[in-house]
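1. Sequence first, then the predicted structure, then my questions.
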Amino acid sequence: MHPRALILGTALAVSAAPASVVAPAPAVPVPAGSPAAATSPSAGARPAGGVYVAHFGDRRENKVEALVHRRGAWTRRTAGGPGFVGQFSVSPDGRRIAWIDARSRLRVTGPSGDRVIARDARYIGPCATPAWSPDGRRVAYPLDAEAGTPVVMVVGADGRGRARLGRTRGVCHLAWSGDGRVLAGYAGTTDGVCLLDTVTGKSRRVPGVDLANHVESLSEDGRRIVVRTIRRSEPAGDGSWPAWFTPSIYDTRTGRKIAVPVGGRLIGARYLPGDRLAVRVAGRTHNTLVIVSSGGTRERVAEPARVRKHALVRVLR
């Protein structure tokens, strides 16, 4: 068991006052001539469409802010309030935020207002996040305290169709496969990553991943996963969603580590529809998204400078 784990066994420990909803991006110098600088797009390349999140607020009122950039226009959405500890997920279109409040209620905040869609979510700490399904119609979430292995539930975005998906140790930073069949999450002890089959209810550990404190994304069929791995000598962190992280990709069946097919200072990666891979590369004034198709072709797109230190949670094309 990792010595700095947030969750011990099946008991989740909440820090008294979480420092942030999104872990701050580390300072990463990018010297001239570095691979990261070399991946910057040529002048005039159109900005990426994406959803970025950052923490703001004070000790009395923690909130999450989602900035949506599409076709050059910005929209802003916020959610949270007193007691909010960073358990959130932004919908695929960036218009809604699902979050868990201090009364164990799963809520959805969007253009039409705020509504409670479940009242049995596990309010525990920033790692135990809800997760929007790829079609934006359902939200998976960890069930409130129940003995044994944690339970994952799902409910419609309108509050209907609540159902139990199964038990899994991997309830932190939940992520869906593109086909909606599989959910992935890391164990609260950081001791590995697990997959939950949403049809059979069976869970299994991903081979090859020893310790991890972030699950970012699954491929369309759940065969590949993007995670942040850590060494036993490293701190586990408090479970906050990272602004930047060094991505590692694994085959979820064989445990084989797959090389990220992009050079530079990598600060994130996530799978897109069609099994494209979006790799985030650090830059001096702005970051760059390198979109790699299943056939290996690449497209480089500049991210807006204003979100250079924000977490990228969705790619909008």
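-> Thanks, I have it.

2. Work out for me the element L312 sits within.
-> strand 311-316 (DSSP states H and E).

3. Please name every helix or strand in contact with that strand.
-> Strand 311-316 makes packing contacts with strand 49-57, strand 62-70, strand 241-242, strand 266-272 when contacts are defined by 3 or more C-beta pairs under 8 Å, 6 or more residues apart in numbering; DSSP states H and E. The C-beta positions use only the backbone N, C-alpha and C, and glycine is treated the same way.

4. out of those, nearest to P150?
-> Of all the helices and strands packed on strand 311-316, it is strand 241-242 that lies closest to P150, at 18.7 Å by C-beta to C-beta.

5. Neighbouring strands - and their directions - for that closest one?
-> If you go by DSSP bridges, strand 241-242 pairs up with strand 22-23 (parallel).

6. same question for the partner strand, mean pLDDT?
-> For strand 22-23, mean pLDDT rounds to 68.

7. Over to stretch 152-166?
-> 98.

8. Next, the angle from the strand holding L312 to strand 62-70.
-> Between strand 311-316 and strand 62-70, the angle comes out at 30 degrees (axes from the mean of the first three to the mean of the last three C-alpha atoms, to 10 degrees).

9. Tell me how far strand 311-316 lies from the chain's centre.
-> Averaging C-alpha positions (C-alpha atoms, centre = their mean, to the nearest Å) puts strand 311-316 9 Å from its chain's average.

10. Check stretch 171-189 too.
-> 9 Å.

11. Check stretch 147-155 too.
-> Chain-centre distance of stretch 147-155: 19 Å, with C-alpha atoms, centre = their mean.

12. okay, which residue is most central for this structure?
-> E216 (4.5 Å; C-alpha atoms, centre = their mean).

13. doesn't that one fall inside a helix?
-> No - assigned with DSSP: H, G, I helix; E, B strand; the rest coil, E216 falls outside any helix and is strand.

14. sorry, back to before: just want the angle from the strand holding L312 to strand 49-57.
-> Using the same axes, to 10 degrees: strand 311-316 against strand 49-57 is 150 degrees.

15. Strand 311-316 pairs with which strands, and in what direction?
-> Counting by DSSP bridges, the strands paired with strand 311-316 are strand 49-57 (antiparallel).
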